[in-house]
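In: need a structure here:
(chains A, B, C and D)
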Number of protein chains: 2
Amino acid sequence: MTPSNVEQVLNTWQDSLHQHGYRMTRPRRQVMEIIAASETALTPQEIYQKSLELERSLGIASVYRTLEMLEELGLIQQIHQPGGCHGIWPTLEGHKHHLICRDCGQMQVIEGNVDIDGYITAIEKQTGYRVDDHWLQFFGRCDGCLN
Amino acid sequence: MTPSNVEQVLNTWQDSLHQHGYRMTRPRRQVMEIIAASETALTPQEIYQKSLELERSLGIASVYRTLEMLEELGLIQQIHQPGGCHGIWPTLEGHKHHLICRDCGQMQVIEGNVDIDGYITAIEKQTGYRVDDHWLQFFGRCDGCLN
DNA sequence: TCCTTATTGATAATAATTATCATTATCAGT
DNA sequence: ACTGATAATGATAATTATTATCAATAAGGA
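Out: Numbering: from 1, shown residues only, chains lettered A, B, ... in the order given. Next comes the predicted model:
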């Protein structure tokens, strides 16, 4: 994110905090600046570590509390990568797409018939990345939990 | 997974273990049975908890070791859901797809121009789910890390 | 069946997250 | 600009999850 974009995002976020009755404090601003200025998705610990290099560092608890608030407001989201673990499931050949019920956690594996390949090629050309894997996951409520 | 499918999967897995020089032990079999028989993606702790109800329960360390082995063999994979955290990123309107470099962690947000909506409708009709969110993430190596 | 050694389970060590609470700082209302 | 009510902080204790250690055990080839 470019510096001017960071500034803009922070202003938007500050408005959102005030609209929801939250105060804009120095620690919160620091967390938000670190997130908005980062090239990579950061963990809570990484955000805390970065703050240690600033003239006035954060308490680790404030990092967690601020992240919780920002997520509740829908201003940030969590990014998941291979390596961290939320659940274990057998690998089935050719089945890469998962459908997960938010309520009961039940999961279904669905056949992949979206034209992802063409999309991947376009992305590679556009970004210079070499893409070697992808995840497509759907979240919602299953038939049982809806009724 | 149906009981007969579980049996089938376990046999396949056992072959894979032996082919790679791993022994098939009672604890490993228990972990595999629990995973294969489950309707939902389980965490290591949940697998351990389920084993406590069995006549001979698992050591928690064996659960982690078995999962590590199964993943190395490509027999299981990790499923990620909203709520667990691997990294934090600002939410940008209409930008739901992420491209992540395995090496440096750099992330790019890419415009979503895949026809996901039609796919979602088909999934809903097919499964009875109400889908309210989805994640499409691509993993690979960025231009810089490739060279 | 025996023997080699991979594997286990108990537990200690480490790391990450959440809870507690006295002190501090925000900001609405003068 | 000042004040006061109270939201928020930081230090740290408590909890939880994961990894490392090592003597005892058990898998499976000879």
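In: confidence score at the closest residue to residue A:57 other than its chain neighbours?
Out: Nearest residue to residue A:57 in three dimensions, chain neighbours excluded: residue A:51, at 4.7 Å (CB to CB, 6 or more residues apart in numbering or on different chains). To be clear about C-beta, it is placed using only N, CA and C from the backbone, and glycine gets the same treatment. The per-residue pLDDT reported for residue A:51 equals 96.
In: Paired strands for the longest strand seen in chain A, with orientation please.
Out: Longest strand in chain A by number of residues (criterion: DSSP state E): strand A:130-141. When pairs are called by DSSP bridges, strand A:130-141 turns out to pair with strand A:97-101 (parallel), strand B:130-141 (antiparallel).
In: Which SSE is immediately downstream of the last one?
Out: It refers to strand B:130-141. Next helix or strand after strand B:130-141 toward the C-terminus (DSSP states H and E): helix B:143-146.
In: what does that following helix contact?
Out: Outside helix B:143-146, the residues within contact range by CB atoms under 8 Å, 6 or more residues apart in numbering or on different chains are A:127-130, B:101-104, B:106.
In: now the residues you listed: which count as buried?
Out: Among the contacts of helix B:143-146, the ones that count as buried by 16 or more other CB atoms under 10 Å in any protein chain shown are A:127, A:129, B:101-102, B:106.
In: Quick one: the strands in chain A, in order.
Out: A:76-78, A:88-90, A:97-101, A:107-110, A:130-141.
In: Of all these, which one comes closest to DNA strand C?
Out: DNA strand C lies closest, by CB to the nearest atom of the strand, to one member of these: strand A:76-78, at 10.4 Å.
In: what about that closest one, near chain B?
Out: Yes: Strand A:76-78 is in contact with chain B by CB under 8 Å from any CB of the partner chain, via A:76-78.
In: returning to that earlier point: contact partners for the residue nearest to residue A:57?
Out: Here residue A:51 is in contact with A:30-31, A:34, A:57-58, A:63 (CB under 8 Å, 6+ apart).
In: Can you give me the distance of it to residue A:25?
Out: 13 Å (CB to CB, to the nearest Å).
In: Might you list the low-confidence residue ranges for chain A?
Out: Residue ranges of chain A with pLDDT under 70: A:1, A:95, A:113.
In: Grab the most central residue of chain A for me.
Out: Chain A has residue A:78 as the residue nearest its centroid, 2.2 Å off, counting by CA atoms, centre = their mean.
In: my guess is it contacts residue A:67, does it?
Out: No: look at residue A:78 against residue A:67 with CB atoms under 8 Å: they stay out of range, at 9.1 Å.
In: related to what we said a few turns ago, burial-wise, tell me which of the strands paired with strand A:130-141 comes out on top.
Out: strand A:97-101 (a mean of 23; mean count of other CB atoms under 10 Å in any protein chain shown).
In: Show residues contacting that one.
Out: Strand A:97-101 is contacted from outside by A:89, A:106-112, A:114, A:135-142, A:145, B:41, B:79, B:81, B:123, B:127, B:129, B:131, using CB under 8 Å, 6+ apart.
In: at 7 Å instead, please
Out: A:107-110, A:112, A:136-142, A:145, B:79, B:81, B:123, B:127, B:129 (CB atoms under 7 Å, 6 or more residues apart in numbering or on different chains).
In: Could you check how far the residue lying closest to residue A:75 once chain neighbours are set aside is from residue B:61?
Out: Nearest non-adjacent residue to residue A:75, counting by CB to CB, 6+ apart: residue A:13, 5.5 Å away. According to CB to CB, residue A:13 and residue B:61 sit 43 Å apart.
In: Compare these two (neighbour count), which wins?
Out: Ranked by neighbour count (other CB atoms under 10 Å in any protein chain shown), residue A:13 and residue B:61 place residue A:13 first, with 21 against 10.
In: so how far is residue A:79 from that one?
Out: Between residue A:13 and residue A:79 the computed distance is 18 Å (CB to CB).
In: Over to residue A:102?
Out: Plainly put, residue A:102 is 18 Å away from residue A:79 if you go by CB to CB.
In: Is DNA strand D within reach of stretch A:83-93?
Out: Yes: counting by CB under 7 Å from any atom of the strand, contacts between stretch A:83-93 and DNA strand D involve residue A:85.
In: Kindly check the end-to-end length of that stretch for me.
Out: 20 Å (CA to CA, to the nearest Å).
In: Write out the residues of chain A neighbouring DNA strand D.
Out: Counting by CB under 7 Å from any atom of the strand, the residues of chain A that sit close to DNA strand D are A:21-23, A:25-28, A:56, A:58-62, A:65-66, A:85.
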